[in-house]
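Peer 1: generate a structure from the sequence data that follows.
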Amino acid sequence: MIQMQTEVVKQRTFLTNTKNKNKGTKMKKPKFIGVLGEVKEFDQDHEKNYLEARKQEHNDLDLFGEPNKLTYTHGKDTGEVFPVGTSSTHDWYSGHLSQDTDYTNHEIKYQNNSHGLRGPEPNFQADKKILFAGGSMMFGTGVNVEDSFPYIIAKKLNADYISLAPANQLIDLVEPLIQYIESYKPDYVILNDTRGVHEGEWFSGTIYKKIRKHEKQMSDNYAISMRIARQQMIQMFFKLIQKYHNNIHLFYVPTRYWSKLKPQVLEGIKTCKIEKDDLIDLGRDSVHPGPRSHQKIAEKFISYLNQ
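Peer 2: The predicted structure is shown next:
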């Protein structure tokens with residue numbers, strides 16, 4: 001795995017250096033080793049071929065779906081309609097809410113663009129562009145895309161946008177963010193927290209729960225170690241993305257662990273906190289925020305941006 005990652009870095013460096021040296025000249029088709037180790041070809045002169053090749057590598061991740069596919073369910077939104085008054089007990093940030101909308105006659109579509117991402121087809125030549133990246137809340141689970149805050153923010157700013165969501169883990173966003181920052185060249189990068197940082201967290205969490213039943217002191221020490229490691233990994237993530245873009249904004253929900261990030265972790269990152277009061281209704285799944293919540297979040301961000 002380490003060797004494969006090294007090869008990827010070497011190949012990325014080779015391609016970047018070659019592009020700079022041979023700018024304006026036609027190149028032969030070089031090969032590159034992708035994240036999943038498969039060797040693919042692409043034409044250096046045609047950026048779209050590169051994006052298509054890279055996109056195929058991420059088909060195993062939740063982040064990228066089937067290009068141009070339309071579905072009517074996604075994730076926790078199974079299409080089930082919950083009775084008005086049903087409480088949300090499935091997630092930390094929406095547990096205080098109850099369903100107040102009857103979604104019986106509400107059709108919710110999940111339409112992918114040609115990149116396998118939810119949202120309109122991106123215009124790489126647009127005057128103003130926003131790159132969103134985050135979890136299921138940014139994806140807009142439980143609401144139509146027109147009611148999701150990335151769509152609303154982009155429309156209010158008269159901007160084109162791409163939404164890299166939903167990512168379960170922060171590590172799933174590293175390569176896609178770098179690729180789209182380099183190719184899409186967004187004016188803003190807006191991040192929203194993911195459920196985890198890396199796959200190992202699920203294993204660590206399981207071990208922690210087992211230890212806690214038998215050794216409280218050991219489990220407390222283990223929890224502290226996990227928090228420190230998580231903060232360090234998130235800090236490395238931010239520092240890496242800042243190397244590619246210097247206008248990064250962070251949306252985070254205070255009931256999630258990103259709200260506990262130390263100031264040094266957020267150095268150079270502009271932050272807009274989503275308070276519990278900003279979540280005022282539920283989507284069809286009775287877990288994620290509903291249309292009015294997304295509208296309020298979008299308005300809050302626009303106000304924050306204008307300041």
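
Peer 1: got a pLDDT number for residue 25?
Peer 2: pLDDT recorded at residue 25 is 39.

Peer 1: repeat for the one 3 residues further on
Peer 2: Residue-level confidence at residue 28 comes out at 34, pLDDT.

Peer 1: please apply the same query to residue 270.
Peer 2: 85.

Peer 1: residues contacting residue 292?
Peer 2: 280-281 (Cβ atoms under 8 Å, 6 or more residues apart in numbering). Just so you know, the C-beta spots here come from the backbone N, C-alpha and C atoms, and that holds for glycine as well.

Peer 1: that one sits in which helix or strand?
Peer 2: In the assignment (DSSP states H and E), residue 292 maps to helix 291-306.

Peer 1: same question, residue 138
Peer 2: Using DSSP H and E, residue 138 falls within helix 136-139.

Peer 1: can I get the helix holding residue 292 in CSV, CA atoms only?
Peer 2: Taking Å, rounded to 0.1, in the frame of the first residue of the first chain, the C-alpha atoms of helix 291-306 are listed here in CSV:
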residue,chain,number,x,y,z
PRO,A,291,-35.9,22.3,3.5
ARG,A,292,-36.4,25.1,6.0
SER,A,293,-33.2,24.1,7.8
HIS,A,294,-31.2,24.1,4.6
GLN,A,295,-32.6,27.6,3.7
LYS,A,296,-31.7,28.9,7.2
ILE,A,297,-28.2,27.5,6.9
ALA,A,298,-27.7,29.0,3.5
GLU,A,299,-28.9,32.4,4.6
LYS,A,300,-26.5,32.2,7.6
PHE,A,301,-23.6,31.4,5.4
ILE,A,302,-24.4,34.2,2.9
SER,A,303,-24.6,36.7,5.9
TYR,A,304,-21.3,35.4,7.3
LEU,A,305,-19.7,35.7,3.9
ASN,A,306,-20.9,39.3,3.4
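
Peer 1: so for that helix, mean pLDDT?
Peer 2: Computed over helix 291-306, the average pLDDT equals 93.

Peer 1: for the helix holding residue 138, buried residues please.
Peer 2: Of the residues in helix 136-139, 136-139 count as buried by neighbour count, 16 or more other Cβ atoms under 10 Å.

Peer 1: closest to residue 289 out of those?
Peer 2: The closest of the buried residues of helix 136-139 to residue 289 turns out to be residue 137 (Cβ to Cβ; 6.2 Å).

Peer 1: shouldn't that closest one be in contact with residue 192?
Peer 2: Yes - shown here, residue 137 and residue 192 form a contact pair, counting by Cβ atoms under 8 Å, at 6.1 Å.

Peer 1: from residue 235, how far out is residue 226?
Peer 2: 15 Å (Cβ to Cβ, to the nearest Å).

Peer 1: please read the previous query as pertaining to residue 106.
Peer 2: Look at residue 106 and residue 235: by Cβ to Cβ, they are 41 Å apart.

Peer 1: more neighbours, those two?
Peer 2: residue 235 (17 against 13; other Cβ atoms under 10 Å).

Peer 1: now that one, what's its secondary structure?
Peer 2: For residue 235, the secondary structure call by DSSP: H, G, I helix; E, B strand; the rest coil comes out as helix.

Peer 1: quick one: contacts for it?
Peer 2: Contact partners of residue 235, counting by Cβ under 8 Å, 6+ apart, are 264-265.

Peer 1: low-confidence ranges in this structure?
Peer 2: Judged by pLDDT under 70, the chain has its weakly predicted residues at 1-61, 88-92, 199-208, 211, 216-219, 222, 252-259.

Peer 1: phi and psi next, for the nearest residue to residue 140 once chain neighbours are set aside.
Peer 2: Closest residue to residue 140 apart from its sequence neighbours, by Cβ to Cβ, 6 or more residues apart in numbering: residue 148 at 3.0 Å. Residue 148 adopts backbone torsions of phi -90, psi 150, taken as degrees, to the nearest 10.

Peer 1: wait, residue 148 touches residue 141, no?
Peer 2: No - when contacts are counted by Cβ under 8 Å, residue 148 is not listed as touching residue 141 (9.0 Å).

Peer 1: looking at these two, which is more packed in?
Peer 2: Higher neighbour count among residue 148 and residue 141: residue 148, with 30 against 25, using other Cβ under 10 Å.

Peer 1: still on that earlier bit, quick one: the helix holding residue 292 to chain centroid distance?
Peer 2: 18 Å (Cα atoms, centre = their mean, to the nearest Å).

Peer 1: and that helix, what's buried?
Peer 2: Across helix 291-306, burial judged by 16+ other Cβ under 10 Å covers 291-298, 300-301.

Peer 1: also stretch 93-104?
Peer 2: Quick answer for stretch 93-104 (16+ other Cβ under 10 Å): 93-94, 97, 99, 101, 103.
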